[in-house]
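Q: Next input, structure requested:
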Amino acid sequence: MKSLMMQGTRILSTGSAVPNSSLNNSQISEIVETSDEWIVTRTGIEERRLLTGMNKSVVDLAVLAALKALDKISMSPSEIDLIILATSSPNDLFGSASQIQSKIKALNAVAFDLTAACSGFVLSMVTASQFLKSGTYRTILVIGADVLSKWIDWSDRSTCILFGDGAGAMILQSCPQKDNQILGFQLNTDGSYSNHLSLLYKEQVYPHPVLNLYQGSFKYISMNGKEVYKFAVSQVPISILKCLNSLNISTHDVNWLLLHQANERILKAIADKLCISNNKIIVNLNKYGNTSAASIPIAFDEALTENKISNNDIIVISGFGAGLTWGTIIIKWKS
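A: Predicted structure coming up:
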């Protein structure tokens, strides 16, 4: 029997990985009609990383990020009880987390995928914290990883300029409530707007002649940028305020705003609505573009590596995207 004593959650370590191959805006302008100035002005993105080469998948990036996180604290993979892989671009639709479990030799861990696109890492952190809070598991590896370059129509200017590939990992462990770092969370879904950002399965026109089965394949990413922008700028601040208010924390007490790295204009608009200084926004999308579920953990790992985050800092983490889904986590960092 697992212990059901209520526990807190602490972040032990982070790690991240991006491909070596980069694609800057000038290079994209050779593929579609655009320019560096046009992309930077509208998105803030200057370049993105792409996973190139044969037989490379999201698993390769996820494994590297996970091993970096483990190495930072000299933890044996055998200590991990659960692996949650947040991805919308698996190399196996039956799940890729089990491949990661095998490759890093976390042989005692249960492993599963969680699909929620750009909100995936937030939902995975919340899911992990609930397992830790209940005492079901003690140590959980959460990975956000996506290789959306494999699912992009490179003739579609509205999407090909945005996305990049990458992975970020975080090791969470149960702890006494007094040392709890995840103070609260708030999650939302509105499926009536799912058509604004999707990667749909499309059936063939004609069914199988004998079985009457309509088979098909997945197509490319489709996005209504204007609607996604309006959704993020209107709903994410509400989510953040609701979460902060439930904890009696003021926006003035927030040290860092770590949002899904979708578009610099979205990040600044959300901060402005919350009356949070732009200096408090953690930003790295200029280097990597929108890496979907990987964007938050990559940015978190880089901020820690650069010593931006100090002891007792209040960090607001918010993810938003396809579904449409969005959610907020409030963290009090403890070194």
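
Q: pretty sure residue 304 is touching residue 16, no?
A: No - between residue 304 and residue 16 there is no contact under C-beta atoms under 8 Å: 9.9 Å. Where you see a C-beta, it was placed from the backbone N, CA and C, and this is true even at glycine.

Q: Same drill for the two, tell me which one is more crowded.
A: For residue 304 and residue 16, the more surrounded residue by other C-beta atoms under 10 Å is residue 16, and the numbers stand at 28 against 17.

Q: who's in contact with that one?
A: Shown in contact with residue 16 (C-beta atoms under 8 Å, 6 or more residues apart in numbering): 65, 68, 166, 167, 168, 169, 294, 297, 298, 301, 302.

Q: got a list of what the last one touches?
A: Listed by C-beta under 8 Å, 6+ apart, the contact set of residue 302 reads 16, 284.

Q: quick check, it in a strand?
A: No - with DSSP: H, G, I helix; E, B strand; the rest coil as the criterion, residue 302 is helix rather than part of a strand.

Q: hmm, back to that, who wins for most neighbours among the contacts of residue 16?
A: Neighbour tally across the contacts of residue 16 (other C-beta under 10 Å): the maximum, 37 neighbours, falls on residue 294.

Q: so where's the longest helix in this structure?
A: For the chain, the helix that runs over the most residues, judged by DSSP state H, is helix 225-246.

Q: I'd like the average pLDDT over that one.
A: Across helix 225-246, the average pLDDT comes to 96.

Q: in it, what's buried?
A: 225, 228-229, 231-233, 235-237, 239-240, 243-244 (16 or more other C-beta atoms under 10 Å).

Q: CSV for those residues, including distance to residue 271?
A: CSV is the format used below for these (distance: C-beta to C-beta, whole Å):
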residue, distance to residue 271
225, 20
228, 18
229, 15
231, 17
232, 12
233, 11
235, 15
236, 10
237, 9
239, 14
240, 10
243, 16
244, 14
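
Q: nearest residue to residue 91 other than its sequence neighbours?
A: residue 57 (3.6 Å; C-beta to C-beta, 6 or more residues apart in numbering).

Q: do the same with residue 253
A: Leaving aside its sequence neighbours, residue 253 sits nearest to residue 314 (C-beta to C-beta, 6+ apart; 5.5 Å).

Q: Tell me which residues touch that neighbour, please.
A: By C-beta under 8 Å, 6+ apart, the contact list for residue 314 reads 249, 253, 254, 255, 256, 330, 331, 332, 333.
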